[in-house]
Structures are given as structure tokens and as C-alpha cells.
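# Requesting a structural model of the entry that follows:
(4 chains)
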There are 2 protein chains.
Amino acid sequence: MPPPAQISIIKPGKRTDIRRENERLILDAAERVFAEAGFGGATMQLIADMAGLPKANLHYYFATKEDLYRRVVRNIFEIWLEAAACFDASPDPATGIGGYIDAKMDISRRNPHGSKVWASEVMHGAPVIQDYLETTLRDWTTGRIAVIQGWIDAGQMAAVDPRHLLYMLWATTQHYADFGHQIDTLNGGAALSDAQWEAAKTSVRQIILRGIGVI
Amino acid sequence: MPPPAQISIIKPGKRTDIRRENERLILDAAERVFAEAGFGGATMQLIADMAGLPKANLHYYFATKEDLYRRVVRNIFEIWLEAAACFDASPDPATGIGGYIDAKMDISRRNPHGSKVWASEVMHGAPVIQDYLETTLRDWTTGRIAVIQGWIDAGQMAAVDPRHLLYMLWATTQHYADFGHQIDTLNGGAALSDAQWEAAKTSVRQIILRGIGVI
DNA sequence: CCACAACCTGACCAACCGGTCAACGAAAAT
DNA sequence: ATTTTCGTTGACCGGTTGGTCAGGTTGTGG
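Next up is the predicted model:
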């Protein structure tokens, strides 16, 4: 009586499956531990425990602690850039910037650990992703500044400094992830409910959009 | 002629001078190292080197690394609260909130290390200053929300959620300290000049004050 | 001047960390 | 069936860290 072949249909390749699964496990655990303890405070042993794997297994998939950290930061960086899509897809600042705020607020709620790792990395002088700041992020920023300046020149919004508007967008939206613990504490110790998150998004959108004269 | 105990308390004395001087040296170095490396990444040896003292001397003044860290965070907390003065002294939101923005932006420029240590502490779940969040900060926040709500009720500003307005003020002003490295990198690798810093202050003030309908 | 207290510090230690390695089992490839 | 590759893991190691301590120096009160 041979075991049904259908079961084995699911697996495209056991080796690659194991690898992908374990890397995912490790990266998830690492993101969390790096966010909660910082790079220096995080230990490979703690990440291993949280991932449910022996420590030596981590070093099989990621040669060094710094390599693992680098991968975590890269993952976050890509998520950040995804939120840029809403920015270009819109012809006017109200939907463009409003959509960007919504997108980044959603990321802050869905992926707070990543935001914290990024913040920690930058606060410590960006020793790992300095090249990203100088290339990808700088190019991205230059492009968005041009878009905003276009809106200003077209009279679609108030004449504010596009660069500092961008910084304000980053600061306000990421604040809800990076300082989530403080916000929760001031909320009576409970995480923000769905309604409260919507209120936060609305408040941020309202103040900024009115601040740049589009509502 | 009894040499009154008061005098020996009041008079500087070389002993107390040495103590105060060294504590100041250590606290300054610690603030910097904790900000640049995080609690876990900071080492007592590095703090000692930066303070120009042998490591064993640090443990003479501060029993443990955590004690030293606690003192650093407490110092920062007091600076934060000082900026609140401008808030109450003003009868209208334009000068009150505008002044608060200016004050906090100045602190971000003058004391970026402290802001980073605070941010790091909160991001890691505030293991050291949780009680402050639940008492002093919560009370302070409640008070300021009442002030803002008063302005709203008096028709002096738009009806925004005071709590999220506060968060936005904290986020935007502290961003210039916590993410100073990123801002400098996007500024061509140079720190913001006096003029650029004024432009930043003006931009933040402009957008937020217009956002709450006071200009 | 003396005695005491405060201050200083080189040397040391137990604990821990990142990383290594040899040995082994399981799956693919031949 | 045999060989090879990939995945797994306990045990181990050199280096570093926070913290200790004995013994010294300096300042202070009497």
C-alpha cells in the first residue's frame, strides 16, 4: 500500500522548501529581536530560541550576525520603497500625499519592528546602510521633491519646502511605529484599536493636507 | 566657635568639586556613547575612555551600567519637560504651539544625543522609565490636551484631535535629532547650517500652524 | 601631626558572546 | 547502491564584557 502521491504533489522541492522556511523563520525572529534589543543588545542565541532552531543552524544560513542584520535592514528598505507607488500614481497632491500618508501609516501598524530597526540603524549613524542613504534614498528623495515642486509650481498646493514636508511625512507616520510603546502607554496601556488607528490616520492627513493648503 | 555644619555643606570644597566634575564627565560621555551605540552596544570601557578616566573609576561613581544609563535617561527627561514652559505661557495657539515647536527644535539641535537615548529607550519598550511614562508624562499630556481643547472650544484653532497633534509635534521636532544622520546625508553629507536650520523650523511651524488653522 | 574618609586604579575573574568544527542523518544525483 | 550534497547540531574556543577588590594616594577634620 504506497502512500498517496497527491501529498507529495504539494512539495516542489523539499530542500529549497526547508531553506526558504528556515530563512523566513530566522529573519522574522531576527527582526523582532533587533527591534527590541538593538544590534548590540541582540544575541544570536535569543534569535535562535525565538526561531526555534539551534544557534549553530543560524550560522549555517547566515554567516555572521552582521550579515543577518544586513538582510533584515534590506527587507525593511524594500517595504519602505513600496509605499512610494501611491505617490506617483496620483496627479494631485491631495490624493498623492494623502495616499502616501495612509500607506505609511498602514506599514507602521503592520510592520512596527522593521521601522524600529531602521530607526535604530540610522540613529547609530547608519553603519550598515550608509551606501543606501547616499544612493537609493537620495535619488528617491530628489525625485519626490521634483514631483512636489511641480505641484507647487502648478499652484496645486502651498509653497512649502518640499524637503521638509517629506521629513515631516516620514517623522509623523513612522512615529506611530517607533514610539508605539509610548503611544500605547498614553492610551491606558492598550494598543490602538482599529477605530483609534483610523482616527490617527485622519488626524495626520487632515493637519498636513490643510497645512499645505489642499483642503 | 563651633564650625557650623552648614558651612561645610554649602562651601564647594575640593572633594565635592571632584565628585561633581567627574560625574559630569562620565554622564556626558555616557550620553554620547549610549546614543551612538545603544545600551547593549555601549561598553563601560568606551565610556571611560571618552571621559578620560579608568574604567574602575566609573564603577566608583555608578555602581552598575544600568544605574549610569538610568541617570542619563533621567537627565534627558527633565530637559524635555523644560520645553513645556513656552506652552502654558501663551494665551493663543499661534504663539503657544509655535513657541513649543521652536523650543523643541532648538533642543533637538543642542542636545541630539539625549533625544536619541530617549528614542532608543522607548523603542525597546521603556524598561527603565516605564513609570515615568505612566505618571509624569501621562499627566503632562493630559494637561496639554486640555489646553489645546480649550483653544478649540474657544474657536481659536481648527477642531483637530489634540492628542494626535501632540504626537505630531513630538515626531516632527525630534525627527531632526533622532534622524539627524539621515538628514545630514541627504544634505550632501554636511550638517545643517544655521540658515538651513531656521528654514526647517519655519517649514515645520508653517505647515503645522496652517494645518490647525491659526495662520 | 595624625587618623580617618574619600578617591583612585591596575589587575583580575566569572559569565557570556559570536563564531567554528567535526560528526552525523537525510535527500538527490549518479 | 553508492556517492555527493545539503541540512543539523552539541561541544567547544578565543575574545570581550560588566563588575570586583586589594592596596595605594589624596584631601580633611581634629
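
# So which elements touch the longest helix anywhere in chain A?
Using DSSP state H, we find that the single longest helix of chain A is helix A:14-41. In terms of contacts (3 or more C-beta pairs under 8 Å, 6 or more residues apart in numbering or on different chains; DSSP states H and E), helix A:14-41 is packed against helix A:44-51, helix A:55-61, helix A:65-82, helix A:112-123, helix B:14-41. Every residue, glycine included, has its C-beta placed from N, CA and C.

# Show me how far that helix is from its chain's centre.
16 Å (C-alpha atoms, centre = their mean, to the nearest Å).

# That helix - what's its average pLDDT?
What helix A:14-41 shows for mean pLDDT is 94.

# With stretch A:130-138 instead?
For stretch A:130-138, mean pLDDT rounds to 94.

# Same question for that stretch: list its buried residues.
Residues A:Y132, A:L133, A:L137 are the ones in stretch A:130-138 that count as buried (16 or more other C-beta atoms under 10 Å in any protein chain shown).

# Tell me the spacing between the last one and A:Q130.
Same thing as A:L137. A:L137 is 10 Å from A:Q130, where distance means C-beta to C-beta, to the nearest Å.

# Determine the residues that are contacts of both of these two.
Common neighbours of A:L137 and A:Q130, using C-beta atoms under 8 Å, 6 or more residues apart in numbering or on different chains, are B:T185.

# Hmm, A:M105 is touching A:I208, no?
No: counting by C-beta atoms under 8 Å, A:M105 does not reach A:I208; the two are 11.5 Å apart.

# hmm, back to that, the inter-axis angle of the longest helix of chain A versus helix A:65-82?
Counting by axes from the mean of the first three to the mean of the last three C-alpha atoms, to 10 degrees, helix A:14-41 lies at 100 degrees to helix A:65-82.

# Please see if helix A:14-41 touches DNA strand C.
Yes: using C-beta under 7 Å from any atom of the strand, helix A:14-41 reaches DNA strand C at A:K14, A:R15.

# just for chain A, where's the confidence low?
Along chain A, segments meeting pLDDT under 70 span A:1-12.

# how many neighbours does the closest residue to DNA strand D within it have?
With C-beta to the nearest atom of the strand as the measure, A:A56 is the residue of chain A nearest to DNA strand D, at 2.9 Å. Here the count is done by other C-beta atoms under 10 Å in any protein chain shown, and A:A56 has 9 residues near it.

# Against A:Q45, how distant is it?
The gap separating A:A56 from A:Q45 is 11 Å, by C-beta to C-beta.

# Could you do A:Y100 as well?
Distance, A:Y100 to A:Q45, by C-beta to C-beta: 40 Å.

# So the two - more neighbours on which side?
Using other C-beta under 10 Å, the more surrounded residue of A:Y100 and A:Q45 is A:Y100, with 24 against 12.

# give the contact list for A:S203.
When contacts are counted by C-beta under 8 Å, 6+ apart, A:S203 touches B:V160, B:D161, B:H164, B:L165, B:M168.

# how about the nearest residue to the second one, chain neighbours excluded?
Among residues not flanking B:D161 along the chain, A:S203 sits closest, at 4.5 Å (C-beta to C-beta, 6 or more residues apart in numbering or on different chains).

# SS state for that neighbour?
Following DSSP: H, G, I helix; E, B strand; the rest coil, the label given to A:S203 is helix.

# repeat for A:P127
Secondary structure for A:P127, judged by three-state DSSP, is coil.

# All good on my end, thank you.
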